[in-house]
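Asks: Fold the stuff below for me.
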Amino acid sequence: KKCSKAPKIQRLVTPLTLQRKRARIAEKKRRIVKAKAEAAEYQKLLASRLKEQRERRSESLAKKRSRLSAASKPSVAA
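Replies: Predicted structure coming up:
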């Protein structure tokens, strides 16, 4: 008895399967666009928070410097 290698029964390519494939690809594209938009928004938020943090830090350092210089001036004068 000969044993021949035959392909398994293939799935039929019907309009419905093609439609599902198109829908799957479209959904994937939508997800990618949404993820990119959210990532950009998050980066903008991070940048603004980092800027605020830098400003607060520079203000506190300026206050500290002015306090130190104000405290050191009378001791030099006295």
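
Asks: Show me which positions of stretch 58-78 end up buried.
Replies: By neighbour count with 16 or more other Cβ atoms under 10 Å, stretch 58-78 contains no buried residues. Any C-beta I mention is one placed from the backbone N, CA and C, and that applies to glycine too.

Asks: How about stretch 5-23?
Replies: Quick answer for stretch 5-23: no buried residues (16+ other Cβ under 10 Å).

Asks: Give me the pLDDT for the residue nearest the centre of the chain.
Replies: Centroid-nearest residue in the chain, with Cα atoms, centre = their mean: residue 39, separated by 3.2 Å. On pLDDT, residue 39 comes in at 98.

Asks: Could you pull out the strands in the protein for me?
Replies: For the chain, no strands turn up when DSSP state E is the criterion.

Asks: quick one: residue 31 from residue 17, how far?
Replies: 21 Å (Cβ to Cβ, to the nearest Å).

Asks: what do you get for residue 71?
Replies: 80 Å.

Asks: got it, and residue 9?
Replies: Relative to residue 17, and taking Cβ to Cβ, residue 9 is found at 15 Å.

Asks: just the helices in the protein please.
Replies: For the chain, the helices defined by DSSP state H occupy 15-77.

Asks: for it, what are the low-confidence residue spans?
Replies: For the chain, applying pLDDT under 70 flags the ranges 1, 73-78.

Asks: try 90 this time
Replies: Residue ranges of the chain with pLDDT under 90: 1-13, 64-78.

Asks: okay, now residue 50: neighbour count?
Replies: 10 (other Cβ atoms under 10 Å).

Asks: Would you mind measuring from it to residue 35?
Replies: Per Cβ to Cβ, residue 50 is found 22 Å from residue 35.

Asks: swap in residue 19?
Replies: Distance from residue 19 to residue 35, by Cβ to Cβ: 25 Å.

Asks: and if you look at residue 28?
Replies: 11 Å.

Asks: Kindly report the same for residue 2.
Replies: In this view, residue 2 and residue 35 are 54 Å apart by Cβ to Cβ.

Asks: Same question for residue 17.
Replies: Distance, residue 17 to residue 35, using Cβ to Cβ: 27 Å.

Asks: just residue 60 next, same as before
Replies: 37 Å.
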